[in-house]
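A.B. asks: for reference, the sequence and a predicted model appear below.
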Amino acid sequence: MTTNENENAVYLTPEGLQKLKEELDWRINVRRPEIAKQTEAARKEGDLSENAGYDEAKYQAGMNEGRIMELEHRLKHAVIIEKGDGPTETVQLGCTVTIVDKEFGDEEVYTIVGSPEASPSDGKISNESPIGSALMGKKVGEVITVTTPGGEISFEIINIA
């Protein structure tokens with residue numbers, strides 16, 4: 001793999017890959033025809049220079065086509081994160097990591113995913129996020145320090161699954 005290919009890699013779980021494929025299918029086969037109908041209906045209203053419905057339909061078409069291009073790019077460069085059969089010694093993509101805040105003792109559990117799937121409220125953080133990147137390659141028992149807008153926070157890794 002060349003450096004350029006690695007830079008374009010989009011890391012996804014099998015579930016994340018399926019979601020992107022489903023969204024792409026919806027945007028092409030459902031949303032695109034809906035927008036075409038809206039555009040045609042607005043076009044039939046007459047003067048396009050002052051037709052807000054036409055302008056909105058064209059805007060929505062542009063947004064949809066942009067998202068289609070983004071999804072196609074992500075799928076073209078997708079690298080699937082396979083979950084291992086057993087425990088791992090170091091944090092890597094696809095791992096679920098339990099950490100404890102060294103100052104307050106709060107325990108948090110995160111699954112390390114690629115940026116397209118990141119959803120912190122669901123416990124999924126990107127390998128590119130401050131905490132995610134600090135965890136990558138670390139082992140149980142290691143302490144990591146992350147700089148946040150509120151200052152530095154230290155965590156200890158207590159489990160990797």
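C.D. replies: That came in fine, so what should we check first?

A.B. asks: quick one, what contacts K58?
C.D. replies: Contact criterion C-beta atoms under 8 Å, 6 or more residues apart in numbering gives T39 as the residues in contact with K58. Any C-beta I mention is one placed from the backbone N, CA and C, and that applies to glycine too.

A.B. asks: tell me the pLDDT at it?
C.D. replies: Among the per-residue scores, K58 shows a pLDDT of 91.

A.B. asks: quick check: it vs S49, distance?
C.D. replies: If you measure K58 against S49 using C-beta to C-beta, to the nearest Å, the figure is 13 Å.

A.B. asks: tell me the domain ranges of the protein?
C.D. replies: Domains of the chain are assigned by automatic domain parsing as 3-80, 96-160.

A.B. asks: what about the helices in the protein?
C.D. replies: Counting by DSSP state H, the segments of the chain that form helices are 3-8, 14-26, 32-43, 52-76, 130-135.

A.B. asks: need the winner for burial among those.
C.D. replies: helix 130-135 (a mean of 19; mean count of other C-beta atoms under 10 Å).

A.B. asks: ok, back up a step: out of the helices of the chain, which gets the lowest mean score?
C.D. replies: For the helices of the chain, the weakest mean pLDDT is recorded on helix 3-8, namely a mean of 59.

A.B. asks: I153 bridge partners, please.
C.D. replies: Partner residues in beta bridges with I153: V146, with DSSP bridges as the criterion.

A.B. asks: just give me the neighbour total for it.
C.D. replies: Other residues within reach of I153, judged by other C-beta atoms under 10 Å, total 17.

A.B. asks: my guess is it contacts D101. True?
C.D. replies: Yes - under the contact definition of C-beta atoms under 8 Å, I153 touches D101, with a separation of 6.7 Å.

A.B. asks: returning to that earlier point: looking at the helices of the chain, which is closest to E82?
C.D. replies: E82 sits nearest to helix 14-26 of all those, at 8.0 Å, using C-beta to C-beta.

A.B. asks: export only the CA atoms of that closest one, formatted as PDB.
C.D. replies: These are the backbone C-alpha positions of helix 14-26, laid out as PDB (Å, rounded to 0.1, in the frame of the first residue of the first chain):
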ATOM      1  CA  PRO A  14     -18.800  -4.300   8.400                       C
ATOM      2  CA  GLU A  15     -21.900  -2.600   9.900                       C
ATOM      3  CA  GLY A  16     -20.600   0.800   9.000                       C
ATOM      4  CA  LEU A  17     -19.900  -0.400   5.400                       C
ATOM      5  CA  GLN A  18     -23.500  -1.700   5.100                       C
ATOM      6  CA  LYS A  19     -25.000   1.600   6.400                       C
ATOM      7  CA  LEU A  20     -23.000   3.600   3.800                       C
ATOM      8  CA  LYS A  21     -24.100   1.200   1.000                       C
ATOM      9  CA  GLU A  22     -27.800   1.600   2.200                       C
ATOM     10  CA  GLU A  23     -27.500   5.400   2.300                       C
ATOM     11  CA  LEU A  24     -26.000   5.500  -1.200                       C
ATOM     12  CA  ASP A  25     -28.700   3.300  -2.600                       C
ATOM     13  CA  TRP A  26     -31.400   5.500  -1.000                       C
END
